[in-house]
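Visitor: Would you be able to build a 3D model of this:
(2 chains, ligands or ions: 2)
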Amino acid sequence: MSQPRQPIESGVPDPFPEMHPVMVKNYGQWAWHDRPRPGVLRHVAKSGDTIHTVKAGTQRQMDVYTVRTLCDIADTYADGHVRFTARSNIEFMVADPAKVDPLIGALAEAGFPVGGTGNSVSMISHTQGWLHCDIPGTDASGVVKALMDELHQEFLHERMPNKVKITTSCCQINCGGQGDIAINVQHTKPPRINHELVSNMCERPAVVARCPVAAIRPALVNGKPTLEVDEKKCVCCGACYPPCPPMQINDPVHTKLAIWVGGKHSSTRSRPMFHKLVAAGLPNNPPRWPEAAEVVKTILYAYQADARPWERMGEWVERIGWPRFFEKTGLPFTKYHIDTWRGARASLNTSAQVRF
Amino acid sequence: MAQDPKAQAPKTQNKPRKEMPSTPLLDQLEDGPWPSFVTGLKRLATSEDKPYADMMKSLLGQLEHSYQTRTGYWKGGTVGVFGYGAGVIPRFSEVADKYPESKEFHTLRIQPPAGMHYRTETLRKLCDVWEEHGSGLIAFHGQSGDIMFQGTSTEQVQPAFDAFNEMGFDLGGAGAGIRTSMSCVGSARCEQSCYDEQRALRTIINGTLDDMHRPSLPYKFKFKFSGCANDCVNAIHRSDMAIIGTWRDDIKIDQEGIKAYLAQHGRQWMIDQVVTLCPTNAVSLKDDDTLTVDNHSCVRCMHCINVLTKALSPGDERGASILVGGKRTLKIGDLMGIMVVPFMRLESDEDFAALLDLATRMVDFFAENALDHERIGEMIERIGLVNFLEGLGLEIDPNMIAHPRTNSYVRTDGWEAEAEKWTQRKGPQAAE
Ligand code: SF4
Ligand code: SF4
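Guide: Residues are numbered from 1 along each chain as shown, chains lettered A, B, ... in the order given. Ligands and ions are numbered 1, 2, ... in the order given. Next up, the predicted model:
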């Protein structure tokens, strides 16, 4: 390479040149909004200006042809501007309400579902997985595609008690975050250690320090410095694997999926909540993960049938109680549901209140 | 690279076509109504006139192999661009002997415009660059908020970055540094927004770029910006410092709007969906069909405003709360952010300068006091909130706690001096 080019440290680009002109003009001056139909938002500014937003699902991992198709639609049927949501939905903004229907038609024709607004199941937020991650137990893109095929109608319609946010994560670090329903990898066996490679590839004290239960200790195997795991202590979290790839945690059989419910980031009504484990031991079964999909649908439709308007999944369970949750979903309650980690006491029932 | 002819921007016309791999499992993900990433991958793999076609055939082969064996086959490494210590995610295949053309498949993390707005012209240019220098596969967006340009050779990383950089885009964060940030749509389109999220985002991130591009913190540090307590970008749990909009004066009520809702839905609806769902019983529906809010009990949760978008709105004295320490499981368990600044105005240039100052001091304090691989939330858990607040010069406030301590194991011989501080602070206000 010749003279290296110095980077221009420009940081986050200015959004205003990219933004729809009606949004630029009324920035910070909006008055109210409503949803004329699922997948469409209408925002009205104090100036009287109106903007309609049509929201559509994407596959997140997009080829340039897909991106260009979306651009063609934006140029022909919208005003040449789009934005993406945190859950990889695409939004087209139009100043002229007459453009909404043709835009929806064009999106439907090109295979992009219009929805994800209000009380619907929005796009599942997902991580990288086998396609690109260095530590994945499963493939997030595949799980999400399979699940969204199953939940497609719930994306198109607003017929849940409140919004349902589903997340996936392909390792136990859980980059996917909290969800009303979360589908996460759960390892069930300690790492398998390739002792030949440990001393070359791993900074051993750092790996020892990484383990949340202090199960790792230095060892000598065949005269070589390596690490060993106290398998009675190990909680199979996989935290040792990223800093030490020879401690292989992923396993075609013993890496399972677990389902968690009731996570909520918003401070709306109730405080934010962490999702809670409700099912585990589900096979990591590509390409369509039918067992995990079945449990997700069971929970989702139990919630739909029983929750009151505006109740998020976690709020619904708090009202009806966990005994009813397990009864309504038919999921088994096991000793693994009872927390043993630090602070576990706060999750126990320390009252005389019981539900039957 | 020398042994891989395709790493050079290749001319594929004259050589025999590589065959499409057999992908029986992935093929099943082309069925169904949701857009299929597999179909997209195949489109790239069969774009025979493009430099990436063979790389994507190879990638599909490796991905199918992952589906067959339920195992991932990527490892990290060290790849970057000149002048920066982070922002490229290196990926080298562990099965390169079987899938040689995708043996290097690195990702460039690029920071999007704040709020993720794009002109189609910009998106098309981004696509053109990634066709020339990469795989043609792009994620809008990754979990941290980066545009993820997925899949290129070591050789093409620098030219790809140079092209993006010339367009006005910059690399995002990775490793133990400041990470790329996200804000909700906020002021651009939402009446519930309580501050200028895009300005706050650019103020903080563009003011701390050195810690993003040359990361040397104990561990990652994320900022996220939500315009109200609905927290559309999940800031409270998914960022080390969450800036969440709120207001300090009274909720604005348009009583005519309330009457319109009552006329449309009835009193029972108003009671069931608004009044009884207020978490602090602050909302009341009067006999004369007006709605009142006890603004001292209201916790700015947004529920009533969400339901009655045309009649209620946040007050005029708007700004943000700052919460610190949200994170996922590793290593001590999940943490939500803790309220450390109940209210800060975000209107004037000085307000935004104060926000940047707080963010910078937060990062500095983290850099000096956190242990290796410890997030700021874990650090606070270890040193205690009071030490953290004192270290940053933040004043204590009852809004920071759910309730006061319930155990007596504390030495309180400084009580009078502390009580006096409170009286000094609150005295003038109480007299108002
Ligand atoms: S898997 Fe987790 S608990 Fe087990 S040894 Fe590794 S870090 Fe420790
Ligand atoms: S914002 Fe929330 S707490 Fe405040 S009055 Fe409305 S529902 Fe009650």
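
Visitor: Only C-alpha atoms from now on, for both contacts and neighbour counts.
Guide: Noted.

Visitor: For A:S169, give me its contacts.
Guide: A:H126, A:T127, A:A140, A:C175, A:G176, A:G177, A:A182, A:I183, A:N184, A:V185 (C-alpha atoms under 8 Å, 6 or more residues apart in numbering or on different chains).

Visitor: Filter these down to just the ones in strands.
Guide: With DSSP state E as the criterion, strands contain A:A182, A:I183, A:N184, A:V185 from among the contacts of A:S169.

Visitor: Just put the contacts of A:S169 in JSON lines and tack on neighbour count, distance to chain B and pLDDT.
Guide: Converted to JSON lines, the contacts of A:S169 look like this (neighbours: other C-alpha atoms under 10 Å in any protein chain shown; distance: C-alpha to the nearest C-alpha, whole Å; pLDDT from 0 to 100):
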{"residue": "A:H126", "neighbour count": "28", "distance to chain B": "7", "pLDDT": "83"}
{"residue": "A:T127", "neighbour count": "26", "distance to chain B": "7", "pLDDT": "82"}
{"residue": "A:A140", "neighbour count": "28", "distance to chain B": "11", "pLDDT": "87"}
{"residue": "A:C175", "neighbour count": "22", "distance to chain B": "7", "pLDDT": "70"}
{"residue": "A:G176", "neighbour count": "26", "distance to chain B": "7", "pLDDT": "71"}
{"residue": "A:G177", "neighbour count": "28", "distance to chain B": "7", "pLDDT": "77"}
{"residue": "A:A182", "neighbour count": "28", "distance to chain B": "13", "pLDDT": "95"}
{"residue": "A:I183", "neighbour count": "30", "distance to chain B": "15", "pLDDT": "94"}
{"residue": "A:N184", "neighbour count": "28", "distance to chain B": "12", "pLDDT": "92"}
{"residue": "A:V185", "neighbour count": "29", "distance to chain B": "12", "pLDDT": "92"}
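
Visitor: for those, which one is nearest B:S153?
Guide: A:T127 (22.0 Å; C-alpha to C-alpha).

Visitor: In contact with that closest one, which residues?
Guide: Applying C-alpha under 8 Å, 6+ apart, the residues contacting A:T127 are A:A140, A:S141, A:T168, A:S169, A:C170, A:C175, A:G176, B:G142, B:Q143.

Visitor: and the gap between it and A:R42?
Guide: 31 Å (C-alpha to C-alpha, to the nearest Å).

Visitor: Also B:I236?
Guide: 27 Å.

Visitor: Next: B:P398.
Guide: 39 Å.

Visitor: Packing partners of the biggest helix by length in chain B?
Guide: Scanning chain B for the longest helix, with DSSP state H as the assignment, gives helix B:349-369. Other helices and strands packing on helix B:349-369, by 3 or more C-alpha pairs under 8 Å, 6 or more residues apart in numbering or on different chains; DSSP states H and E, are helix B:197-207, helix B:376-383, helix B:385-392.

Visitor: Next, count neighbours for the closest residue to A:W30 other than its chain neighbours.
Guide: With sequence-adjacent residues excluded and distances taken as C-alpha to C-alpha, 6 or more residues apart in numbering or on different chains, A:W30 is closest to A:A45, at 3.9 Å. Per other C-alpha atoms under 10 Å in any protein chain shown, the neighbour tally for A:A45 reads 22.

Visitor: again, but for the one 10 residues further on
Guide: The number of residues packed around A:K55, counting by other C-alpha under 10 Å, is 27.

Visitor: Just grab the bridge partners of the closest residue to it other than its chain neighbours for me.
Guide: Sequence neighbours aside, A:E91 is the residue nearest to A:K55 in space, at 4.5 Å (criterion: C-alpha to C-alpha, 6+ apart). Beta-bridge pairing for A:E91 (DSSP bridges): A:K55, A:R83.

Visitor: Thought A:F84 was touching A:E91, still the case?
Guide: Yes - A:E91 is within contact range of A:F84, at 6.0 Å (criterion: C-alpha atoms under 8 Å).

Visitor: So, low pLDDT: which residues of chain B?
Guide: B:1-15, B:428-432 (pLDDT under 70).

Visitor: In it, what residue lies closest to ligand 1?
Guide: In chain B, the residue that lies nearest ligand 1 is B:K331 (9.2 Å; C-alpha to the nearest ligand atom).

Visitor: My guess is that residue contacts A:P212. True?
Guide: Yes - taking C-alpha under 8 Å as the contact criterion, B:K331 and A:P212 are neighbours in contact, 5.7 Å apart.

Visitor: Can you pull the residues of the stretch 201-350 of chain B lying near ligand 2?
Guide: Residues of the stretch 201-350 of chain B lying close to ligand 2 by C-alpha under 6 Å from any ligand atom are B:278-280, B:282-283, B:293, B:298-304.

Visitor: repeat that for 8 Å
Guide: When proximity is defined by C-alpha under 8 Å from any ligand atom, the stretch 201-350 of chain B lies next to ligand 2 at B:251, B:274-275, B:277-283, B:293-295, B:297-305.

Visitor: what number of residues lie near the residue of the stretch 51-200 of chain A found nearest ligand 2?
Guide: The stretch 51-200 of chain A approaches ligand 2 most closely through A:N162 (15.4 Å), counting by C-alpha to the nearest ligand atom. By the criterion of other C-alpha under 10 Å, A:N162 has 20 neighbours.
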